[in-house]
Structures are given as C-alpha cells and as structure tokens.
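Novice: structure of the sequence below:
(2 chains)
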Number of protein chains: 2
Amino acid sequence: MESRVVGVLGAGQLGRMFVEAASRLNVQVRLLDVGPSAPAKQISFVPAADGTTSEHVDGAFTDGEKIKELAKKVDVLTIEIEHVNASQLQTVLDEGIVKEVHPLPSTIALIQDKYAQKKHLVAQGLPVADFVAVGGESLQGTSASAQIEGVAAAGKQFGFPLMLKSRTQAYDGKGNFVVKEAGNAEEGVKALGNGSRGLYAEKWAPFVKEVAVMVVRSSTGEVRAYPAVETIHRDNICHTVTAPIRTSDPRIPQQAREIAERAVATFGGAGVFGVELFLMADGQLLINEIAPRPHNSGHYTIEAAETSQYENHLRAILGLPLGSTALKVPSTAMVNILGLSDLDTDKDAIVKTMAPAVASLAVPGATVHLYGKVGCRKGRKIGHITVVAQSDAELHQRMEPILHALETATEAARSGSQLPAELTLKGACQSEENRRQEYGSASTSSLSPLKPTPQSALDFKHPHPLVGIIMGSDSDLPVMLPAAQILKKFNVPFELTIVSAHRTPDRMREYSRSAPSRGLRAIIAGAGGAAHLPGMVAAQTPLPVIGVPVKGSVLDGVDSLHSIVQMPRGVPVASVAINNSTNAALLAIRILGAADPRYLGVMQQYMDEMEAEVMGKVEKLSEVGWDYVVKK
Amino acid sequence: MESRVVGVLGAGQLGRMFVEAASRLNVQVRLLDVGPSAPAKQISFVPAADGTTSEHVDGAFTDGEKIKELAKKVDVLTIEIEHVNASQLQTVLDEGIVKEVHPLPSTIALIQDKYAQKKHLVAQGLPVADFVAVGGESLQGTSASAQIEGVAAAGKQFGFPLMLKSRTQAYDGKGNFVVKEAGNAEEGVKALGNGSRGLYAEKWAPFVKEVAVMVVRSSTGEVRAYPAVETIHRDNICHTVTAPIRTSDPRIPQQAREIAERAVATFGGAGVFGVELFLMADGQLLINEIAPRPHNSGHYTIEAAETSQYENHLRAILGLPLGSTALKVPSTAMVNILGLSDLDTDKDAIVKTMAPAVASLAVPGATVHLYGKVGCRKGRKIGHITVVAQSDAELHQRMEPILHALETATEAARSGSQLPAELTLKGACQSEENRRQEYGSASTSSLSPLKPTPQSALDFKHPHPLVGIIMGSDSDLPVMLPAAQILKKFNVPFELTIVSAHRTPDRMREYSRSAPSRGLRAIIAGAGGAAHLPGMVAAQTPLPVIGVPVKGSVLDGVDSLHSIVQMPRGVPVASVAINNSTNAALLAIRILGAADPRYLGVMQQYMDEMEAEVMGKVEKLSEVGWDYVVKK
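Specialist: A predicted model of the protein is given here:
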C-alpha cells in the first residue's frame, strides 16, 4: 500500500511495538541501534542484497555517521527515544539526505531541554508549575556554588520542598532531586552534576493524581487526543496506567485532553506525543512534561483503542489519515514488568520477574508483552501487561492477581525467599483445572459469571460501582434494601447512600453530575410522598434513573408513583411498582446487559429459575389439593 | 518466560500472525518455508551462529528432510497449513527428534482426507450432510468410469444437484464440483482428477447461513469455543466474517459452539481448530469441514477477542493456560483482500487491490493487515481488514465504505477503468479534511456522533436495530410516533412494528425471545387499557422493557399506567408517563449509554440545549412582560 521506507532511531521496546504496527501495514522499516538483537530488530528481518543478512544499521542513535547511514536508506526518519543527536537529524534533513524527519529536529531539541520546553509551554499560555532557572540560563551549567545559590533563591521564591531538575538526559525520575529544605541544596546540586549541567527548580506540586494524554499530530497540524488516563508511578517509574481516568468532576478528563491537544499543536512535525500532567486538589491541571514519541502511558492503546499509538505514529509521519483515538473497551489498565535483578546472571530472578506475566495467563482479558531484551538490568522495563474489561470493577478484579504476583515476586527477590509454585510457569499450568472452575468454561454459565466482588453484606460502598442506590432518608432503607440484596446476588458492584432532594440539594447535584465520570451506569432512587428525588437526579445526569415510589402513611404510595412517573417531556425516569425495589435492581441489571451480554445471560437464568419454582408449586398444588395453603 | 522453541511448517499469513503472537510472549519460533522472504519470516529474525543470517529453514513443508532439519532445532512442532507431510511428522515424533507435534500427526492425516474426516465425525455422533464414497473407498482413486458410476449411484441416493468432492488437497473451493444433474457426472469426475484421486459425494445442503466456530483445545483435552460467527463466501473463498452471529432463534449460536467443541474434543493433540458449519432452514446445524489450525474465520479475534486465535494456538501447544475466548467488543467483522491480478507485473492492479485498505484508513475501528506476500497472484489472499464497533448498525456503517471500495476496485480491474482518486493513497490523504468533518474530531461532539443511518423517516425497519418500538394496535401509533422521532433525531437504529399481547400472543413470544440474539438492547412497548404488552414482553426477554401507558377514552390512562407499572417482583418494566413516548425513547438512549458512552455525551448535549431553550424564554419573558403569551 505504501512504498516509502521508514527509519527509526532506537530499536528498544517502543521501536518494537512500532515495527509491529508497521508490519501490519506492510511498511518497510530500517532500524538504528546497537547489535543485531535489539528488541525491534528481532521482529523485523529485511534481507540485504545477499538475501540473508539484514538491512538494519548497527550503531548508537547518537552517532552522527550512523544516523547519516540510516538516512540514506529511508524516506522518512523518526525516533523512539528523544535522547538522540538532534543536530545531526537537522543536518541530514537540510542536506536532503532524507525527505522528512518526524517530529522536527527542532521539536526534539526543544523537548530534550526540559527548561526550554517549559518556557515554550508558558509562552504558549499553557499551564505548568512555577519554575525558575538555577544558577543561570546556561544549558551547560555554571558552577556548583552558583547553582546552590540559585536553589536558595528558588526556595525563597517558591518555598520548600521544591523539585530540582536537570534540564537534559532526564527520564524515569533520573535527573530529579527533591530539595526538602534550604540545607539540602548542596546535596541536590551534587547529585545533579555538581554544576556541570544546567538545572532548574520547580515549585512543589502536591498533585492528587497524575494524568497522561497521548496526542497524535499530523504534519498539517491536526491533533487528536486519546482519552485521559491515570498513571501511578513508583520510584519515579511508571507502574500502572488505567483508562479512562475517573474523576468526581466530570470536566477534568476533557480539560486534560484539550490542554494536551493545545500543547502538541504548538510543536512542529508529525507523530504521537505523550503529555504528562498533574491534577491538583483544586481541579487545576499542570503540564509536567511532554515526550515527542510513543509513550509508556499509551501502551494500553494496542489492545484497548481503535487505533494504537504506534499505528497512529506511523500514519502521522507518513501523512496517512489519522486513526480513531477512541477506546474500544469500557475499561483498561497496564502494568509494567521491571527486571528484579541483573537477569543475565541471576536465573532465579528471571523466574521471579516473570511472575506477573505467568499470573496474567490465567486472567481473562490480559495480554502479555515481553520485549525480548538481552542483557537486562534491575529496574529496566522488560515487558508490560495490558488488561481489558467491561467495567472498572471487573478490571480491578482482573488486575488483582497480577498485582499480587508482582508484590509477591518483588518481596521474594528482596528477601531471597522462594516463589510460590503457582507463580512459576510449571505451577501455573498445573493449576489450570482450578482456574477453569474459578472462571467457568466459555460455554457454561452460572448466576455469578463475574468473580464475586469483595463486597460484604454490610458494605454499601464498592470502590468501582456500576449502580448507585440512593434514597431521601434512612426511613426508606427497609424498602430499598431488597435492591441492594438483588445486586449483591448478581455480583453487581454498587453503592448505597442517602441523597435528599429537599435536605441536601447540593449533594444531589454533585452526586448526579459526577455519576457518569465516576463510572456509574444506572441510578436507582427511592422516594416517598412528594418523591422528587428520581426526577431531580434525572434532570442532572444523562444516566438512566430508576424511580422506586415508597409507600407513605397515606395515599398508599400513589402520590409517590405519580410524582415519579409523570415527568415532563425531555427528562425520563423509569418507574417501577410501589415499594418494589427488587424490580428496580432487576431493571438495572437488564440495563447493564445492554453493555455486557453476560448480564443478559444471568437474567435469563434467573427467569428460568423463577419459572421452575412456579412449576414446582404447580406440581405440589396438584398433589396436595385442598390442604395446600396449610401444608405449603 | 518460556524457553521452549516452536517450529512451524509453513510461513504464510497464518504463520505470520502466529509469529506476531509468539513475539509478544518472547517465544522463539523457527519457520520452514521456501525463501527468506516468506510472510512470517519477514517479522522474525533469529540470528544464526554467525550473528547475521537466520535460523529459519528454507524449503517446502512437504519435504521430509527439511521437516527433519526443522525438528532438530525446536522443542514443539506445529503447522499453519494442513497439506503437510504428516507421515514425516509422525516419524520425527516417533524417533524422538522433537518432543511434541501439535496437533497430532494422526489428526492432521485424518483431516487431510475429508472423507475420512466425515466418517470420523459421523462415528462420533456429530451432524454432517449425508455423504458416500464415489467409485470405491480408495484414497488414490480407481478409474474414471467407476467414479462416474459412483456419482450416478450417489444421485439415486441423494438426488441432484449433489456436491462431488475430492478427498484431499481441497481448499478455498478447489476440489469441489457441483453435479447439477446425472449428465454432469463425467464432467465432474474429469474436473477432479479423472479417477486418479479418491472422491466422495455429498447430499446437497441448501443452507441459509454459513457458520464458523474457532475452538482451542489443550493437550489435556480442554476445549474452549470462540463465539459462533457468520461467514460469507464468494467464489468459494471466504469474503467476510461477522461476529457474533445474529439469529432469530437464540439457541443456534450456543448450539454451534457446543457442536464445534464436541467435534474438536475428538481430535488428538493441542491447538486451535476452525469448524465450518451449515445452518439449515429448519435450524439444524451440519459440520461442513474442520481445519486443524488457525483459520481465516478467526482473524477477527486479533482485534476483537480477549485472546487471539494465534495466541491461544501458541498457549495450547506449549501447555500454557488457555486464554479467554470472549469478545471484548460488541460487534466485529473481517473482509479479505484478494489480489486482483498478478501483482508483480501489473502495478495498476496493486493500486486497485489496495483500494479497500486505503478506504479503511478513514474508517474508525478498522485495522488493516497486509501479509507482505511476494509474487502474488490473482485471487490470492494478500491481506484482510478487521472492523470493530459498538453495535451491529455501527459495524455495517463502518464496513460500507470498505466494501464499496472493494466493489469499485474489482469492477475497475475487470473493465480496465481508472480508480477514483479517493481510493488511492494520495487521494485518501487529500480527503482527510472531509473525513474530519464527517466523523468529527475526538474532542468535539455533536448530536450525531454516529454517522447518520440510512433510515428514512418512513422506514420503520432498520436492518440492525438497537431499539424495538412495539404497540398493540395501529391506533397507538400517534402516541408512539414521537419515540420513533426521538430515536431518529439521535440516529439510533430502531424498528417499529405492531405486536399485540392479546391478538398475536405467538408473535409476541417470538419477538420477545429473539430480541437479544437479533442484537436489540431495549424494547419500548406502548399499551392502553388493560395494557399487558410491556409486562408480557418483559416476562419473555432479559432485555430492559420500557412501558408507555396509552391514554384511553376513560380513566385518563391511569388504568394503563397501573397495569404497566405494578409488575410483580421478579419481572421489571420501566414505566414512563402516560402518553409520553418521547421520554421512553430518551430513556432507551440513556440505556444505550450504559454500553456506549457517546450516547451519554449526546444526551448531556440534549439536556444542555433544553436548558438553553428555557433560558431563552426566561429572557424573553423578562423583556416582553405582560404580552408574553400573545407574542410568544
């Protein structure tokens, strides 16, 4: 389809996943990295003229001559890592050795210098934490003493703690130092090159969440953001990513995407960019930093998005139409696999490092990616696992055994203890029978197709609810409890709480508006008398709202029924029978069935069981005859 | 994670997609096929001892010596095509050269002989069309005259037309001949080897649909079926696959899976198997044939299932836990890309062949796979496109431009005419702006996030409805029409029809029971007076049913309201206000939002517009004052 050849500086895991996307479109790729077995080279064999050896280039992506050699073989150059020789990229472009470089070498250079990157973002009106150069504006640094003074000045300006950062060669937390108080300035400067590199200081940003957004940019400036995701870092390395992000304020995910799109629109050249942001307690979003390439926080897009970040990077740099950035599954997460030791020399550490991958083989919806890295060190990214699910609750259930394996193996590596057999490949295979019993085979169903949630009978607050049960007063609880019991019976994650239209109107507004962005899919609202709650909630959320009329001391609940059901055109409430919260929950489960057909399966089974129960009574009635009521 | 090395006989597209799955798990693969550039070899570079040349084997997968050479390099052998040298596979296994071969060589041999395969299935009690050997039981054939007599005898037994089939070397319709009447027997025998090959005759099977089920089998005999899919063949080659299959009879998909699992359970060895079936008019399912390997009808699993058929094949042959076979998206389809000419010599034909791939770049949810075949002939499979969607209706909208491109290009290749610019790569890129307007960018929304359906105002029968609107009588139509108008405004595919509980109880039963397997996600039922329809439908379907009480000539509709809403515990109906079918449709859209968050987005926008409309009236009222009602 496409005859142009793409060259990539770097052949690590990002290059490997990029090559995978390119192979699908039969686009030829030439790679520059050291050795014949770099991860990306393993999955791309391009025979040279002799038919057997490879056309890839062996060398460092910082080596100007090697970049030139690669440039001669290809039509378009791109990168999988930003710590490349940007000036040589500019040269091969200027000299016409290669037609295009994406993103532009000037963009790569700008992003390499994190201080210049921040200044650029500020100049473009984008939000970042306050920052200041430390010991002068020179990229090469000045002297340790000037920098120590600079830290002190920054401390006066921003207070302590503050974040001291190296301007260049910074990744996975390398190049950052937390200056806790004025007395730590010297230590920080020493840790970051002792005056030999340019530094800057950033005001401490006590974020509540870390957010990331991948954005693909075409060479004509079209930008398309992927969904905003939540990232969790450990020891400054990306640990897990979950998508989409859940927030109480429904505007935040969209705001994050807009900021990310605006930021990426300011850069030159095509490709995907990873935008990392901090979400502050007041809802403010600050850009932390930007990567001019596919990013760890976008790995999930391979399994979970309509077009992966890698294919979109390829499409962008080739000027092909950009692909859809929408999620194709409701919920997804990624967890990194890091080397637990120097794996070449420590066979036991290999087994332990692989424990989460082994555990994930028994997890539906989990996909393991191992990068085939040779010579792997402790803390190095050697693979990742993506999990997809039909809901957040299911996602977290699925992630649980994988994260448990990771913790267990990390602890075993630390203490030198042995790994449980089920976390080794041999043990995992032997336990297959157990796994079948646990998850059920594909062709059988049970009333609990989803693993039981950890929700106890008294626990009304599942961490990832799909259904909310609310009522105006605790006096409605006896009527509403059966709804909770039904949801529990069907293993539907729910929350149950009190929200009063008349006594807590602000809470009602907040509850209604945040429901979709918190992941709820339906709300059951019980109300008696004037019974405004269901309708007022429906007026403030696009979710389906099920109203349960609660029978009062007069009028038999007909007042509540009419108040709930007779909604004006435009705002629907789904009313069920008076006091019948059982049916409200059953209706909620049928609604969930629209999203997840497994719920339709268990609902059908429930209906079949009801039928069987009545048929049992039919039989008994015909046997027992006149005494039925007594003997029943 | 896994140190055993896998050898594959064949390195075509199936091998290529298998290698892709193996690379993700960092499992080493050695391939046997002719040349260094076979599709699978292109994405797997295994340096030999010299560090540059490859460890793959160059040769035919029917060549005994080459099989032996491959066997020496690996721990487990498998196949990507069944037309291999099965006896040599048995030999390398017997001689201990390789530890395992999957599936077992005996299974491969059994399946290679389609007559023996059918006899095996019958012996295992599995359903197949009636068949009989033609001209004796010899695999090598007898004489043309004996076979012609055999066809005549088969004709007497089964009638004409009948299907004459070669026992071996049959694929993509090669080896089949339709004997229309007794006089065609000689022609058929001549076409199929003229006595030199064993033949058999099959009773004509006038199927209504072709069904396929992929099944993965572990070496211990565990079987897991993927969903049943519908396949459409053209000129005996697989054209499109859609999953899951839609049927009026909700039992058929499950029956197909059970038959497929039972069939695959009878074979020895591990791996995935493709089971092709015919669905007959009376609902009977007959096995047509079985492939002992990943299959064209399972390509869709890469993008649409929790574990792809390729990864499950790998897991099965390595004895790893089998992966989930569940779909992760609601709806998916695959279309093959076949060479339109001998592509090495005809550059114009390459461009035309690529037209559907080019068209798919502009289609959200479409993924192109090009196999990198060298030396491609007309009619050969050179790639495929998988499309995923949140509903059948969206799927068919997305498929439409791809199928249109395919038709256009095929016609252009046939007539020698030129391809429209938008179906060439250059044209497609130029039309990007149009595409953006058509689909909207990721960060903007409109009331029509989904492309308008082809449904006209008067068309009450969308081919892939998500919502059904039913009513007991055409007299209810004026009350129910606003529901249809709302669904149309929101571009929700729906059907509208008459189903009467009291006058057409059988139709009501059929409608209710078939609704989920036809793809409906909600039913809106309007009823007046005794108003039994919503509740009686809810009693026979697990879908959410929304009841619209229709006001009659007496009692103001309160009779209908109470009849609809006061359902017994166990069977819920979602009631809306009397005569308010508008709200029923809005509720249905909120329910769809549980499955597809885009509907929540447009519902929120609708609510915002309502608010803005009222705010406009607020303003006008304050401007106009006392004359408002007159001037409004």
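Novice: tell me the secondary structure at residue A:215.
Specialist: strand (DSSP: H, G, I helix; E, B strand; the rest coil).
Novice: residue contacts, residue A:483?
Specialist: Residue A:483 makes contact with A:469, A:524, A:526, A:548, A:581, A:582, A:584, A:585, A:588, according to Cβ atoms under 8 Å, 6 or more residues apart in numbering or on different chains. The C-beta positions use only the backbone N, C-alpha and C, and glycine is treated the same way.
Novice: show the model's pLDDT score for it.
Specialist: Per-residue pLDDT puts residue A:483 at 97.
Novice: ok, now how distant is it from chain B?
Specialist: Here the distance between residue A:483 and chain B works out to 11 Å (Cβ to the nearest Cβ, to the nearest Å).
Novice: counting by contacts, list what the longest helix seen in chain A packs against.
Specialist: For chain A, the helix with the greatest residue count under DSSP state H is helix A:597-624. If contacts are counted by 3 or more Cβ pairs under 8 Å, 6 or more residues apart in numbering or on different chains; DSSP states H and E, helix A:597-624 sits against helix A:581-595, helix A:628-631.
Novice: now do it against helix B:581-595, angle only.
Specialist: For helix A:597-624 against helix B:581-595, the angle by axes from the mean of the first three to the mean of the last three Cα atoms, to 10 degrees is 110 degrees.
Novice: pLDDT (mean, whole number) over helix A:597-624?
Specialist: If you average the per-residue pLDDT over helix A:597-624, you get 94.
Novice: likewise for stretch A:232-245?
Specialist: Averaged across stretch A:232-245, pLDDT comes to 92.
Novice: that stretch and chain B in contact?
Specialist: No. Applying Cβ under 8 Å from any Cβ of the partner chain, one finds that stretch A:232-245 is not in contact with chain B, the shortest distance being 8.6 Å.
Novice: near chain B, which residues of the stretch 1-150 of chain A?
Specialist: Taking Cβ under 8 Å from any Cβ, the part of the stretch 1-150 of chain A that reaches chain B is made up of A:1-2, A:19-20, A:23-26, A:36-37, A:41-47, A:51-54.
Novice: tell me the buried residues within those.
Specialist: Buried members of the residues of the stretch 1-150 of chain A next to chain B, scored by 16 or more other Cβ atoms under 10 Å in any protein chain shown, are A:1-2, A:19-20, A:23-26, A:36-37, A:41-47, A:53-54.
Novice: quick one: which of those sit in helices?
Specialist: A:19, A:20, A:23, A:24.
Novice: list the contacts of the second one.
Specialist: Residues near residue A:20 by Cβ under 8 Å, 6+ apart: A:43, A:310, B:20, B:23, B:43.
Novice: just to revisit the earlier point, out of the contacts of residue A:483, who has the most neighbours?
Specialist: Of all the contacts of residue A:483, the most densely surrounded is residue A:548 (34 neighbours; neighbours counted as other Cβ atoms under 10 Å in any protein chain shown).
Novice: that residue falls within a strand, correct?
Specialist: Yes. Residue A:548 forms part of a strand when assessed by three-state DSSP.
Novice: quick one: buried residues of stretch A:567-585?
Specialist: For stretch A:567-585, the buried set under the neighbour-count rule, 16+ other Cβ under 10 Å, comprises A:567, A:569-585.
Novice: what about chain B: which of those residues touch it?
Specialist: Among the buried residues of stretch A:567-585, the residues that sit close to chain B (Cβ under 8 Å from any Cβ) are A:567, A:569-578, A:580, A:582-584.
Novice: tell me where the model's unsure across chain A.
Specialist: Within chain A, the set of residues satisfying pLDDT under 70 comprises A:52, A:172-173, A:343-345, A:376, A:429-458, A:632.
Novice: now find how far off-centre the longest helix of chain A is within its chain.
Specialist: In terms of Cα atoms, centre = their mean, to the nearest Å, the centre of helix A:597-624 is set 42 Å apart from its chain centre.
Novice: on that earlier part again, I'd like the ones in helices among the buried ones among the residues of the stretch 1-150 of chain A next to chain B as TSV, with distance to residue A:593 appended.
Specialist: Written out in TSV, the entries for those read as follows (distance: Cβ to Cβ, whole Å):
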residue	distance to residue A:593
A:19	41
A:20	35
A:23	39
A:24	34
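Novice: check chain A and tell me which residue is nearest its centre.
Specialist: For chain A, the residue lying nearest the average C-alpha position, counting by Cα atoms, centre = their mean, turns out to be residue A:242 (2.3 Å).
Novice: that's a strand at that one, yeah?
Specialist: Yes. Per three-state DSSP, residue A:242 lies within a strand segment.
Novice: I'd say it and residue A:228 touch.
Specialist: No. Taking contacts as Cβ atoms under 8 Å, residue A:242 lies outside contact range of residue A:228: 10.6 Å.
Novice: tell me which parts of the stretch 201-350 of chain A are close to chain B?
Specialist: Taking Cβ under 8 Å from any Cβ as the criterion, the neighbours of chain B within the stretch 201-350 of chain A are A:218, A:220, A:222, A:224-226, A:254, A:257-258, A:261, A:303, A:306-307, A:311, A:315, A:319-326, A:328-329.
Novice: 7 Å - rerun?
Specialist: Residues of the stretch 201-350 of chain A lying near chain B by Cβ under 7 Å from any Cβ of the partner chain: A:222, A:224-225, A:257-258, A:261, A:306, A:319-321, A:324-326, A:328-329.
Novice: what ranges do the strands span in the stretch 51-200 of chain A?
Specialist: Assigned by DSSP state E, counting those that start in this stretch, the stretch 51-200 of chain A shows strands spanning A:57-58, A:76-79, A:100-102, A:131-134, A:162-166, A:176-179, A:199-203.
Novice: contacts for the second one, please.
Specialist: The reference is to strand A:76-79. Contacts with strand A:76-79, where a contact means Cβ atoms under 7 Å, 6 or more residues apart in numbering or on different chains, come from A:4, A:6-10, A:71, A:89, A:98-102, A:108, A:271, A:293, A:317-318.
Novice: in its sheet, what does it sit against?
Specialist: Taking DSSP bridges as the criterion, strand A:76-79 pairs within the sheet with strand A:6-9 (parallel), strand A:100-102 (parallel).
Novice: closest one to residue B:561 among those?
Specialist: Ranking the strands paired with strand A:76-79 by proximity to residue B:561 (Cβ to Cβ) places strand A:100-102 first, at 63.2 Å.
Novice: show me the contact partners of the closest one.
Specialist: Among residues not part of strand A:100-102, those counted as contacts by Cβ under 7 Å, 6+ apart are A:76, A:77, A:78, A:89, A:93, A:269, A:270, A:271, A:317.
Novice: from those residues, which is closest to residue A:209?
Specialist: Sorting the contacts of strand A:100-102 by how near they are to residue A:209, with Cβ to Cβ, puts residue A:271 at the top with 26.3 Å.
Novice: neighbours of that closest one, how many?
Specialist: Taking other Cβ under 10 Å as the neighbour definition, residue A:271 ends up with a count of 27.
Novice: list the beta-bridge partners for it.
Specialist: Taking DSSP bridges as the rule, residue A:271 bridges to residue A:217.
Novice: what sits against it?
Specialist: Applying Cβ under 7 Å, 6+ apart, the residues near residue A:271 are A:78, A:102, A:103, A:217, A:292, A:293, A:313, A:316, A:317.
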